[in-house]
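In: Below is the structure, and that's it, no one-letter string:
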């Protein structure tokens, strides 16, 4: 069975751009995080509720490649797939400009689950993500 890809649309805001008129590189991390949070909400996991229960998914590593610039007002499609490798949940993410389908950025984001501050496999996350796990 082919696993699902999750995607969301985001509008680039003018204040996210630098003096050159393009999106500042740091904002890509925000776009990728928005996508992961939207994904979790779509599968019934509330980031804040999890935290209140002592369960915290935290980024342990992120690698971003920038391919083409984005400008204020652009609409992007931010998509992701997810797989499990040991204690890590690995999100492979892309950002494409909606108007011309240009690939603007790719990222690999490693996330680990801490339960009350202790590294855990996070079985609850696996159960919720089962339709998406590669």
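Out: Received the coordinates, thanks. Note that the structure is predicted; figures quoted are calculated from it, not measured. Numbers count the residues shown, from 1 in each chain.
In: Assumed residue 45 was part of a strand.
Out: No - Residue 45 sits outside any strand when classified using DSSP: H, G, I helix; E, B strand; the rest coil, being coil.
In: measure it to residue 28 for me?
Out: Taking CB to CB, to the nearest Å as the measure, residue 45 falls 23 Å from residue 28. In short, each C-beta sits where N, CA and C put it, glycine included.
In: same check, this time on residue 64
Out: 6 Å.
In: So those two - more neighbours on which side?
Out: Legend: neighbour count by other CB atoms under 10 Å for residue 64 and residue 28, higher for residue 28 (24 against 16).
In: So for the least confident helix or strand in the chain by mean pLDDT, what gets flagged as buried?
Out: Taking mean pLDDT, DSSP states H and E as the measure, the chain has helix 123-129 as its least confident helix or strand, at a mean of 87. Using 16 or more other CB atoms under 10 Å as the test for burial, helix 123-129 gives 125, 128, 129.
In: And for stretch 54-65?
Out: Going by 16+ other CB under 10 Å, stretch 54-65 has these buried residues: 55, 56, 57, 62, 64.
In: In strands only, show me those residues.
Out: Within the buried residues of stretch 54-65, residues falling in strands by DSSP state E are 55, 56, 57, 62, 64.
In: Give me the helices and strands touching the longest helix along the chain, please.
Out: Looking across the chain with DSSP state H, the single longest helix is helix 26-42. Identification of packing neighbours for helix 26-42 by 3 or more CB pairs under 8 Å, 6 or more residues apart in numbering; DSSP states H and E yields strand 6-11, helix 47-52, strand 55-66, strand 75-85, strand 88-97, strand 102-115.
In: What mean pLDDT does it get?
Out: Regarding helix 26-42, the rounded mean pLDDT is 96.
In: what angle separates it from strand 102-115?
Out: Taking axes from the mean of the first three to the mean of the last three CA atoms, to 10 degrees, one finds that helix 26-42 is oriented at 60 degrees with respect to strand 102-115.
In: what separates helix 26-42 from the chain centre, distance-wise?
Out: Per CA atoms, centre = their mean, to the nearest Å, the displacement of helix 26-42 from the mean C-alpha position of its chain is 4 Å.
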